[in-house]
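In: got a predicted model here, sequence first, then my questions.
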Amino acid sequence: MTAIDHPIARVAPGWRLFAVFLALHGIAHLAGTTNSFDMATKGQTAEYLGGAWRVSDFTVLRPIGVAWAIVAGLYVGAALGFWVGARWRVAILVVATVPSLLLSVIALWASWIGVVIDVALLGVAVWLSTRKEQVSDPDRR
């Protein structure tokens with residue numbers, strides 16, 4: 001098999017661009033980690049759910065920060081899956097996006113754009129899961 005025949009070489013440039021977007025979206029989630037850890041360290045209060053839930057307890061803020069970091073890693077994994085055209089790419093996109101949407105709703109209004117992006121990403125996942133060639137290509141991993 002030559003490099004041109006390799007399944008990775010057959011990934012469309014548009015999906016590579018989407019992979020870069022996913023990686024950047026994942027990196028953006030690290031802002032939530034930094035913010036939660038910073039507030040926990042300084043004893044500051046975070047306003048969640050549009051200000052309806054005020055949290056200053058570090059035992060709550062740190063796990064929320066860890067959750068943001070885990071979601072960031074999942075998005076980087078999804079980006080890798082789309083970059084190489086892996087068969088599992090849609091599954092990890094959903095696994096990353098559902099908790100991301102939950103965290104973004106919790107962190108409203110600071111993360112309203114994340115809600116919009118996550119809803120769009122779930123739409124992409126649904127669209128991809130209905131495409132026949134997604135699962136019919138035997139060369140995909």
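Out: Received it, and whenever you're ready, just let me know what you need.
In: where does pLDDT dip in the chain?
Out: Within the chain, the set of residues satisfying pLDDT under 70 comprises 1-9, 132-141.
In: how about stretch 75-89: buried residues?
Out: 75-79, 81-86, 89 (16 or more other CB atoms under 10 Å). Bear in mind the C-beta positions are built from the backbone N, C-alpha and C, glycine included.
In: and for stretch 21-28?
Out: Counting neighbours by 16+ other CB under 10 Å, stretch 21-28 gives 22-23, 25-26, 28 as buried.
In: which residues sit against it?
Out: 71-76, 78-79, 82, 93, 96, 114, 117, 121 (CB atoms under 8 Å, 6 or more residues apart in numbering).
In: send me stretch 87-98 as PDB with only the CA atoms.
Out: C-alpha atoms of stretch 87-98 as PDB (Å, rounded to 0.1, in the frame of the first residue of the first chain):
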ATOM      1  CA  ARG A  87     -14.900   4.800  12.400                       C
ATOM      2  CA  TRP A  88     -15.400   5.900  16.000                       C
ATOM      3  CA  ARG A  89     -15.200   9.600  15.300                       C
ATOM      4  CA  VAL A  90     -19.000  10.300  15.600                       C
ATOM      5  CA  ALA A  91     -19.300   8.300  18.800                       C
ATOM      6  CA  ILE A  92     -16.500  10.300  20.500                       C
ATOM      7  CA  LEU A  93     -18.000  13.500  19.200                       C
ATOM      8  CA  VAL A  94     -21.200  12.700  20.900                       C
ATOM      9  CA  VAL A  95     -19.400  11.600  24.100                       C
ATOM     10  CA  ALA A  96     -17.600  15.000  24.200                       C
ATOM     11  CA  THR A  97     -20.500  17.200  23.200                       C
ATOM     12  CA  VAL A  98     -23.200  16.000  25.600                       C
END
